[in-house]
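**Student:** fold the following.
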Amino acid sequence: MILVDTSSWIHLLRPTGDPRVRARVEAALTSGEACWCPLVRLELWNGARGGHEQGVLRHFAEVMPELPIDHAVWDLSEELARTARSRGITVPATDIVISACARRHGAEIESADDDFALLASVT
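**Tutor:** The predicted structure is shown next:
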């Protein structure tokens with residue numbers, strides 16, 4: 001599974017998106033490996049522009065797997081935040097939860113956001 005972060009979905013949804021990022025997301029969709037989590041879904045709905053993007057999000061909700069954010073994800077998020085902070089790494093809490101969700105479910109992360117590379121270095 002590949003948990004696609006909001007930053008990469010935006011490149012897919014917007015005509016001005018980076019073609020390289022768009023190609024990575026399209027490959028994940030085509031292979032059936034793309035998934036999302038409730039926090040990514042919320043971020044996308046929060047920024048959805050117009051009927052086209054809303055229609056795409058509704059379609060994704062019908063066909064794409066969603067990784068749950070359960071108590072284990074929250075516990076892992078707290079641990080990841082503490083460890084990152086102790087190493088001088090500060091990233092948004094949303095990225096920490098998304099990263100913890102991917103770790104909990106054994107998924108890779110597809111992202112155009114450098115914060116996930118920082119979090120990947122935290123074990």
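**Student:** where do the helices sit along this protein?
**Tutor:** With DSSP state H as the criterion, the chain has helices at 6-13, 19-31, 38-47, 50-63, 71-86, 93-105, 115-120.
**Student:** would you reformat those helices as CSV and include mean neighbour count?
**Tutor:** From N, CA and C alone the C-beta is placed, and that goes for glycine too. Formatted as CSV, the helices of the chain follow (neighbours: other CB atoms under 10 Å):
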stretch, mean neighbour count
helix 6-13, 21
helix 19-31, 15
helix 38-47, 16
helix 50-63, 12
helix 71-86, 15
helix 93-105, 22
helix 115-120, 17
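**Student:** can you redo the ones you listed as TSV with mean pLDDT?
**Tutor:** Shown next, in TSV, are the helices of the chain (pLDDT from 0 to 100):
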stretch	mean pLDDT
helix 6-13	95
helix 19-31	96
helix 38-47	96
helix 50-63	92
helix 71-86	97
helix 93-105	97
helix 115-120	92
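**Student:** show me what contacts residue 116?
**Tutor:** If you count contacts by CB atoms under 8 Å, 6 or more residues apart in numbering, residue 116 has them with 5, 95, 98, 99, 109.
**Student:** now it: how far from residue 49?
**Tutor:** In this view, residue 116 and residue 49 are 24 Å apart by CB to CB, to the nearest Å.
**Student:** repeat for residue 110
**Tutor:** Residue 110 is 21 Å from residue 49, by CB to CB.
**Student:** which one of these two has more residues nearby?
**Tutor:** Taking neighbours as other CB atoms under 10 Å, residue 110 and residue 49 compare with residue 110 leading, 22 against 10.
**Student:** and the pLDDT at the more buried one?
**Tutor:** Listed pLDDT for residue 110 reads 97.
**Student:** now the one 3 residues further on
**Tutor:** Looking at residue 113, its pLDDT stands at 92.
**Student:** and for it, nearest residue in space, chain neighbours not counted?
**Tutor:** In this structure, residue 113 finds its nearest non-sequential neighbour in residue 7, 4.1 Å apart by CB to CB, 6 or more residues apart in numbering.
**Student:** correct me if wrong: that neighbour contacts residue 109.
**Tutor:** No. Residue 7 is beyond contact range of residue 109, at 10.2 Å (criterion: CB atoms under 8 Å).
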